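**Q** sequence and predicted model, in that order:
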Amino acid sequence: MNRKLMLTTALVTVLALLFAGMGESLHTRVRRSSAIPHAVVLIDAGHGGFDGGAVAADGTVEKDINLAMATDLSVVLRLMGYRVLMTRQEDVALCEDPSLSIRENKRADMAERLALYDSADAVISIHQNHFPDTACKGTQLWYSPNNSGSEVLGRYIREAVLRNVQPDNTRELKAGTKDILLLHRTTSPAVLVECGFLSNPQECNNMQTPGYRLQLALAIAEGLLHYQP
Ligand SMILES: [Zn+2]
């Protein structure tokens, strides 16, 4: 599906949900908290281009799921009035210079993303998990240790995901270590959402289902709405 069609489909679904009642409390809350949605929210669709990220057993590549999820979330947040920036809107890395090695391109890509992170009021990075045990499942939230707002934002998003989508999820919110370079370095309030495990066939399938992605996007949006930048 091309991007315009994907966006339109997502937009129509969100509007349908808003008016059908599922989004009613969200809609009411948006109207009550008119001070918040002027913030600039950066959505980072993890990986892209030469960097595919994790790969599921069925060949699903993480970068594609990340982009679909980030796009759905961007539609929801824009509807709520947030100013949304995205690190990418198609299957590209932020640096793909053929004269550079993959390692150098990756480093330049990270530097570009970090500059975008540091200029946003809040950052939501979208990734997927992968683990040898295929039974592992559930959204995992990480927060940047450099800005006290990050943990607050992470907690609100985690609570909204549990409340609305995954009531059995027992995964704790964790501080990003230096292995999660962008979280470790950024000074902005930033969280990383590992939406699901691509190694779990059910979650891999869920993440490819527009209705499920939208549920998750609405939950993330609700969490963000509780957060006061
Ligand atoms: Zn990833």
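**A** Right, received. Where do you want to start?
**Q** the ion contacts on this protein?
**A** 46, 53, 127 (Cβ under 5 Å from the ion). Quick note: C-beta positions are derived from backbone N, CA and C, even for glycine.
**Q** relative to its centroid, which residue of this protein is most remote?
**A** Most distant from the centre of the chain: residue 99, at 31.0 Å, with distances by Cα atoms, centre = their mean.
**Q** got a pLDDT number for that residue?
**A** Per-residue pLDDT puts residue 99 at 97.
**Q** that's a strand at it, yeah?
**A** No. Counting by DSSP: H, G, I helix; E, B strand; the rest coil, residue 99 is not part of a strand but coil.
**Q** now do the same contact list for it.
**A** Residue 99 makes no contacts at all, as judged by Cβ atoms under 8 Å, 6 or more residues apart in numbering.
**Q** next one: it from residue 105, what distance?
**A** 10 Å (Cβ to Cβ, to the nearest Å).
**Q** one more: residue 92?
**A** 11 Å.
**Q** those two: which is more packed in?
**A** Ranked by neighbour count (other Cβ atoms under 10 Å), residue 92 and residue 105 place residue 105 first, with 20 against 16.
**Q** how about the more buried one, nearest residue that isn't a chain neighbour?
**A** For residue 105, ignoring the flanking residues on the chain, the nearest one in space by Cβ to Cβ, 6 or more residues apart in numbering is residue 95 at 5.0 Å.
**Q** so that neighbour touches residue 108, yeah?
**A** Yes. Using Cβ atoms under 8 Å, residue 95 makes contact with residue 108 at a distance of 3.6 Å.
**Q** rewinding a little: what does the residue farthest from the centre of the chain show for phi and psi?
**A** The phi and psi values for residue 99, taken as degrees, to the nearest 10, are phi -80, psi -10.
**Q** next one: it from residue 73, what distance?
**A** 34 Å.
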